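Visitor: Here is my input; please provide its structure:
(2 chains)
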Amino acid sequence: MQMNKLMILGSGAAPGVPSVARGWGDCDPNNPKNRRRRTSVYLQFGQTKILIDTSPDLRDQLLDAGIRDLDAVLYTHAHSDHMNGIDELREINRLTKKVLPTYATHPTKEHILRSYPHVVAMAGTLRHTGAASLDLHEVRHGEAFEVDKVNILPIDLEGHSVPSNGYIFNDGEVVYIADCMEIPSRSLDLIRKRPEILVMPLTGIHKLNYHMSLAQVLDYIEIIRPKRAVLNHMSATCDYEKVNALTPQIVVPAYDDMIVEW
Amino acid sequence: MNRITVLGSGAAPGVPAVARGWGDCNPNNPKNRRRRTTIYLQLGTTKLLIDTSPDLREQLLDARIQNIDAVLYTHAHADHLHGIDDLREINRFSGHSLDIYADEVTAGIIKTRFSYLLAQKDKPNNPIYQASLLLNKIKHGQSFDVNGTKITPIDLEGHSIASVGYIFNDGEIVYIADCMEIPSRSLDLIRKQPKLLVMPLTSIISQSFHLGLEKLLEYVRLIQPEKTIINHMAAECDYDHVNALTPDNVFPAFDGMTLDL
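Guide: The predicted structure is shown next:
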């Protein structure tokens, strides 16, 4: 049977935990699960290796996880805590000696083209400047694409401060939701089977500007009914044990280097 | 009291690098573990950062830095710039905007990539939810003042993007960023013997866009500082190896290195 794996490389919101300004906040500093880098997630379906987002901590994340090659990078939105590690992908190019297929919806792709033109490979060829070589593809809500044999469906999310999207893998086997206030029904309708894993963003236990509350996250988990849900993207207001105590058994808070296999 | 802290002594890939690992560096020497370039300078009461590497958050946490007066950018490469979003935490802590300084090219790239971080002097925003950086444009030879410290930006040449160095208090400290050459119009602005010169190395043998150790040491002889720190080292630069190749008053940097001047 094929081995599939999800690894949380960074479970923190933009400031990380501890944060420079607020320190550990409500988090117990003695619990190592509360030490959080920013959001990058590694997904492996059999031999297919996929990275979701490239946080500024990407170098440390790749080193610690021993990740040296990737088949694709998927972006969820153009915020610094999800994107500023983009230049580190050149290390993957150096190892694989290939351009790296990279997927983003229109606004995120436009942001990459405008802001990081030096990492976009021209005509699918490796750059010789020492910069990363990303083969950038624009993807659309509801239009599936394949990476090796993995079927990936981008879905719209609503209410974040920049356009954001999630991804459905293999019709619902894994569902990844990024920063948002709402998952519209046209996106929920595209989940065709009961997910093995649902990843949801939390940020704070209470509702914030542009981020849903824990109560809303749990509502969506009830609607989607995954076998397991992982809460990611937590700020210093989210102590691991506290969040764990507030959630049903199938829902677990993420921590850095957490691995879920199925 | 004047003090420099090297928060990151590595070139873009850091050491170890994802692709090349430790390279020529001895993995058992903790001085060889290198984050990317950020420098903290305290000159009297003035607190400055030079560049904001992607490792900025960890660097600020480890050095317990929560408050600074200004950030000086040398050039717009990711390894010197992409921690900029973490300056939000400095805003949150201080409750006010933060001055950043950059030349035309670097300022243009900051505006393109990170416009959401920029505030305007007459329109203060709320630094709790948004970074609040005030972008000041600088030019070669035109000095400015931060909290009583005189800072003179100088042109550097031959890097793959426009880069600048900084002279502090007419030459007390001289900071040179990635380049192939320091033009004479820049060297001429060093008006006294520096207590400290910081020079970028990258690799011992010169590579495209980076000077090698030989040329670096020529500049050290020309500028004649009391002490020199060699920074921005890739995995080709083992700490003990570089140390053995350099005179007594020239020191390879390491992460967390602090020098009182």
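
Visitor: residue ranges for the helices of chain B, please.
Guide: Using DSSP state H, the helices of chain B run over B:56-63, B:78-81, B:88-94, B:104-114, B:184-187, B:213-223, B:239-245.

Visitor: Can you give me the neighbour number for the closest residue to A:Asp171 other than its chain neighbours?
Guide: In space, and not counting its chain neighbours, A:Asp171 is closest to A:Arg192: 4.2 Å by C-beta to C-beta, 6 or more residues apart in numbering or on different chains. C-beta here means a position set from N, CA and C on the backbone, and glycine is covered the same way. By other C-beta atoms under 10 Å in any protein chain shown, the residues close to A:Arg192 number 12.

Visitor: Which strand or helix spans A:Arg192?
Guide: According to DSSP states H and E, A:Arg192 maps onto no helix or strand at all.

Visitor: now the one 10 residues further on
Guide: A:Leu202 belongs to strand A:197-203 when assigned by DSSP H and E.

Visitor: List of residues touching that strand?
Guide: With contacts defined as C-beta atoms under 8 Å, 6 or more residues apart in numbering or on different chains, strand A:197-203 is touched by A:6, A:13, A:41, A:173-180, A:211-212, A:214, A:217, A:220-221, A:224, A:226-235, A:238, A:243, A:253-254, A:260, A:262.

Visitor: So how do I select the buried members of those residues in ChimeraX?
Guide: Of the contacts of strand A:197-203, the buried ones can be selected in ChimeraX as follows, counting by 16 or more other C-beta atoms under 10 Å in any protein chain shown:
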select /A:6,13,41,173,174,175,176,177,178,179,180,211,212,214,217,220,221,224,226,228,229,230,231,232,233,234,235,238,243,253,254,260
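
Visitor: Quick check, B:Thr52 in contact with B:Glu89.
Guide: No: contact status for B:Thr52 versus B:Glu89: not in contact, 11.3 Å apart, counting by C-beta atoms under 8 Å.

Visitor: Those two: which is more packed in?
Guide: Neighbours were counted for B:Thr52 and for B:Glu89 using other C-beta under 10 Å; B:Thr52 has more, 27 against 24.

Visitor: What's the local residue count around the closest residue in space to that one that isn't next to it in sequence?
Guide: Residue nearest to B:Thr52 in three dimensions, not counting chain neighbours: B:Gly83, with 4.0 Å by C-beta to C-beta, 6+ apart. For B:Gly83, the neighbour count with other C-beta under 10 Å is 28.

Visitor: OK, contacts around B:Lys31?
Guide: Applying C-beta under 8 Å, 6+ apart, we find B:Lys31 in contact with B:Tyr239, B:Pro252, B:Phe254, B:Asp255.

Visitor: so what secondary structure elements neighbour the helix or strand of chain B with the lowest mean pLDDT?
Guide: None of the helices or strands of chain B scores lower by mean pLDDT, DSSP states H and E than helix B:88-94, at a mean of 92. On a contact count with 3 or more C-beta pairs under 8 Å, 6 or more residues apart in numbering or on different chains; DSSP states H and E, helix B:88-94 meets helix B:56-63.

Visitor: who's in contact with residue 19?
Guide: I'll assume chain A. Contacts here follow C-beta under 8 Å, 6+ apart; on that basis A:Ser19 touches A:Gly25, A:Ser235, A:Ala236, B:Arg57, B:Glu89.

Visitor: look at chain B instead
Guide: Per C-beta under 8 Å, 6+ apart, neighbours of B:Ala19: A:Arg68, A:Glu91, A:Ile92, A:Arg94, A:Leu95, B:Pro13.

Visitor: For the most centrally placed residue in chain B, which non-adjacent residue is spatially closest?
Guide: Centroid-nearest residue in chain B, with C-alpha atoms, centre = their mean: B:Ile50, separated by 4.1 Å. Distances taken as C-beta to C-beta, 6+ apart put B:Ile39 closest to B:Ile50, at 4.1 Å, once the chain neighbours are dropped.

Visitor: again with A:Glu88
Guide: Excluding its sequence neighbours, the residue lying closest to A:Glu88 (C-beta to C-beta, 6+ apart) is A:Leu58, at 4.4 Å.

Visitor: Work out for me the element A:Leu62 sits within.
Guide: Counting by DSSP H and E, A:Leu62 is found in helix A:58-65.

Visitor: next one: that helix to chain centre, how far?
Guide: Computed by C-alpha atoms, centre = their mean, to the nearest Å, the chain-centroid distance of helix A:58-65 equals 15 Å.

Visitor: just the CA coordinates of it, formatted as CSV?
Guide: Extracted in CSV, the C-alpha atoms of helix A:58-65 (Å, rounded to 0.1, in the frame of the first residue of the first chain):
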residue,chain,number,x,y,z
LEU,A,58,12.2,27.6,4.9
ARG,A,59,16.0,27.0,5.0
ASP,A,60,15.9,25.7,8.6
GLN,A,61,12.7,23.8,7.8
LEU,A,62,14.2,22.0,4.8
LEU,A,63,17.4,21.3,6.7
ASP,A,64,15.6,19.9,9.8
ALA,A,65,13.2,17.8,7.7
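
Visitor: Put the alpha carbons of stretch A:73-90 into PDB.
Guide: Provided in PDB are the C-alpha atoms of stretch A:73-90 (Å, rounded to 0.1, in the frame of the first residue of the first chain):
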ATOM      1  CA  VAL A  73       5.400  24.000  -4.800                       C
ATOM      2  CA  LEU A  74       1.800  25.300  -4.200                       C
ATOM      3  CA  TYR A  75       1.100  28.800  -2.900                       C
ATOM      4  CA  THR A  76      -2.000  29.800  -0.900                       C
ATOM      5  CA  HIS A  77      -1.500  33.500  -0.800                       C
ATOM      6  CA  ALA A  78       1.000  36.300  -1.100                       C
ATOM      7  CA  HIS A  79       1.700  37.200   2.500                       C
ATOM      8  CA  SER A  80       5.300  37.400   3.700                       C
ATOM      9  CA  ASP A  81       5.000  34.700   6.300                       C
ATOM     10  CA  HIS A  82       3.900  32.300   3.500                       C
ATOM     11  CA  MET A  83       6.200  33.500   0.800                       C
ATOM     12  CA  ASN A  84       9.400  35.200   1.800                       C
ATOM     13  CA  GLY A  85      11.400  31.900   1.800                       C
ATOM     14  CA  ILE A  86      10.900  31.700  -2.000                       C
ATOM     15  CA  ASP A  87      14.500  32.400  -2.800                       C
ATOM     16  CA  GLU A  88      15.600  29.300  -0.800                       C
ATOM     17  CA  LEU A  89      14.000  27.100  -3.500                       C
ATOM     18  CA  ARG A  90      17.200  27.600  -5.500                       C
END
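
Visitor: follow-up on the earlier one: from what I can see the residue nearest to B:Ile50 touches B:Ser53, true?
Guide: No: between B:Ile39 and B:Ser53 there is no contact under C-beta under 8 Å: 9.6 Å.

Visitor: Show me which of the two is the more surrounded one.
Guide: Using other C-beta under 10 Å as the criterion, B:Ile39 and B:Ser53 rank with B:Ser53 on top: 29 against 25.

Visitor: Appreciated, that's everything.
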